[in-house]
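Student: Take a look and give me a structure for this.
(2 chains)
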Protein chains: 2
Amino acid sequence: MTDKLKGQLKFLAEADKMKNVSRQTLLMDKSREETDAEHSWHFALMAMTLYEYAGFEVDLDRVIRMAIVHDLVEIYAGDTFAYDAKGYEDKEQREREAADKLFAMLPGALAKEYRALWEEFDRMDTPDSRYAAAIDRLQPFLSNYATDGHTWVKHGVYADKVYARMAPIETALPELWPFVERVIKENIEKGRIKRP
Amino acid sequence: MTDKLKGQLKFLAEADKMKNVSRQTLLMDKSREETDAEHSWHFALMAMTLYEYAGFEVDLDRVIRMAIVHDLVEIYAGDTFAYDAKGYEDKEQREREAADKLFAMLPGALAKEYRALWEEFDRMDTPDSRYAAAIDRLQPFLSNYATDGHTWVKHGVYADKVYARMAPIETALPELWPFVERVIKENIEKGRIKRP
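Tutor: Below is the predicted model:
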């Protein structure tokens, strides 16, 4: 076996750890928190299923690949909760170091592809990454909708933070925005999201 | 919200149950069994990462979509263990009924796409589905490699069954076949796979 193939198999074994990275998001049946691997899969399926509602032109196959690799750096950097201001302070550096370590196992072309997809996703400055960001945020939103606002309640999240976090949906999935707004309002009224 | 979009959101909530479908395959750290959602994600990442070794021309983006949807019917039909002869007797009918129920939530074009990808995957009669089948089998194989042959030992699996199950790898990923053969032989010698 070549060293190149050995590195790829090592990378794929390392990727197994995505099944051990726990997120704040609950499964919809409230039985436990979901893992990064499960989130990434659900993200890909949602991108496929809601594609017709994209508010601008999107390359769906690129978005699906983005979904598959967008959280890989969390194997070493851990999942940073969306509303954790402190965790976000050093998120960028932690994740850059994680990417350096993880992608070094791959041949150049693959390392470059995965890193570029992840960086584009994080920058949110292209149609594909803006659509991807909207789906990435809608996925835990639907979980919160199904679980009585679990992470909002648990972490005492304020309404302005939820609106800011969900904002990409307004342009990327305009037909879904009224639903998102309605759910946020209902959860404010029920005291599950804090009033600003 | 239109009835169509409602159906799509209902489908995506139903898909959350893929995180509750447990497989025989252990996580590589042996902490628990993996879920169908985790397997589907790992399958997609492996298809991307090993694509250069495909033994024939493959449309990788179609294979990735196939990975995402190939096990959805197990939400209702359950996971049938690869070496469970009895489970395979009624697998086809159980899964067809599951597909009818699940895909009915989707608009026609999406239902058709997902069903066609799943059926093609199961038939294994195109280059894309043959490559997909090889990856789908390599994924738990790598887990068994990392976990002292966990599912082989647990279920007392015979060597001829393992060779038959892994056969698609020989043509779809020819450069990986010597590794697969070596691992099978080592596990026979260690008594983790039964001699025929």
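
Student: tell me how far stretch A:163-172 is from the chain's mean position?
Tutor: In terms of C-alpha atoms, centre = their mean, to the nearest Å, the centre of stretch A:163-172 is found 14 Å from the chain centre.

Student: Counting neighbours, which bits of it end up buried?
Tutor: A:165-166, A:168-170, A:172 (16 or more other C-beta atoms under 10 Å in any protein chain shown). Glycine gets a C-beta too; all of them are placed from N, C-alpha and C.

Student: now do stretch A:144-152
Tutor: A:144-147, A:149-152.

Student: mind checking the end-to-end distance for that stretch?
Tutor: End-to-end distance for stretch A:144-152, by C-alpha to C-alpha, to the nearest Å: 8 Å.

Student: Ok, stretch A:137-157 next?
Tutor: Using C-alpha to C-alpha, the distance between the terminal residues of stretch A:137-157 is 15 Å.

Student: any idea of the mean pLDDT in it?
Tutor: Average pLDDT, stretch A:137-157: 97.

Student: who touches stretch A:122-139?
Tutor: Outside stretch A:122-139, the residues that touch it by C-beta atoms under 8 Å, 6 or more residues apart in numbering or on different chains are A:25, A:39, A:42-43, A:46-47, A:50, A:54, A:56-59, A:62-63, A:66-67, A:70, A:82, A:95, A:120-121, A:165-166, A:168-169, A:171-173, A:176, A:180.

Student: Buried ones among those residues?
Tutor: Neighbour counting by 16+ other C-beta under 10 Å classes A:25, A:39, A:42-43, A:46-47, A:50, A:54, A:58, A:62-63, A:66-67, A:70, A:82, A:95, A:120-121, A:165-166, A:168-169, A:172-173, A:176, A:180 among the contacts of stretch A:122-139 as buried.

Student: for the buried residues of stretch A:163-172, which one is nearest residue B:34?
Tutor: Comparing the buried residues of stretch A:163-172 against residue B:34 with C-beta to C-beta places residue A:165 closest, at 29.5 Å.

Student: follow-up on the earlier one: which ones among the buried ones among the contacts of stretch A:122-139 map onto helices?
Tutor: Members of the buried ones among the contacts of stretch A:122-139 lying in helices (criterion: DSSP state H): A:39, A:42-43, A:46-47, A:62-63, A:66-67, A:95, A:120-121, A:165-166, A:168-169, A:172, A:180.

Student: State the next helix or strand along the chain beyond whichever helix in chain A runs longest.
Tutor: Longest helix of chain A, by residue count under DSSP H: helix A:127-146. Using DSSP states H and E, the helix or strand that follows helix A:127-146 in sequence is helix A:150-155.

Student: anything in that following helix near chain B?
Tutor: No: contact of helix A:150-155 with chain B (C-beta under 8 Å from any C-beta of the partner chain) is absent, the minimum separation being 13.3 Å.

Student: chain center to that helix, what's the gap?
Tutor: For helix A:150-155, the distance to the chain centre is 17 Å (C-alpha atoms, centre = their mean).

Student: where are the low-confidence patches of chain A?
Tutor: Applying pLDDT under 70 to chain A flags no residue at all.

Student: One more pass at 90, please.
Tutor: For chain A, applying pLDDT under 90 flags the ranges A:78-92, A:196.

Student: Was I right to think residue A:51 contacts residue A:59?
Tutor: No: using C-beta atoms under 8 Å, residue A:51 is not in contact with residue A:59; the gap is 10.4 Å.

Student: still on that earlier bit, check the ones in helices among the buried ones among the contacts of stretch A:122-139 one by one and keep those near chain B.
Tutor: A:42, A:46.

Student: ok, back up a step: name the residues of the longest helix of chain A that are buried.
Tutor: A:127-146.

Student: quick one: the residue nearest the centre of chain A from residue B:156, how far?
Tutor: Centroid-nearest residue in chain A: residue A:136, 4.1 Å away (criterion: C-alpha atoms, centre = their mean). Distance, residue A:136 to residue B:156, using C-beta to C-beta, to the nearest Å: 43 Å.

Student: same thing with residue A:139?
Tutor: Distance of residue A:139 to residue B:156, computed by C-beta to C-beta: 40 Å.

Student: Would you mind giving the buried residues of stretch A:163-172 as JSON lines with distance to residue B:196 added?
Tutor: Conversion of the buried residues of stretch A:163-172 to JSON lines gives the following (distance: C-beta to C-beta, whole Å):
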{"residue": "A:165", "distance to residue B:196": "57"}
{"residue": "A:166", "distance to residue B:196": "58"}
{"residue": "A:168", "distance to residue B:196": "57"}
{"residue": "A:169", "distance to residue B:196": "56"}
{"residue": "A:170", "distance to residue B:196": "62"}
{"residue": "A:172", "distance to residue B:196": "56"}
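
Student: tell me which of the residues you listed is nearest to chain B?
Tutor: The nearest member of the buried residues of stretch A:163-172 to chain B, counting by C-beta to the nearest C-beta, is residue A:169 at 13.0 Å.
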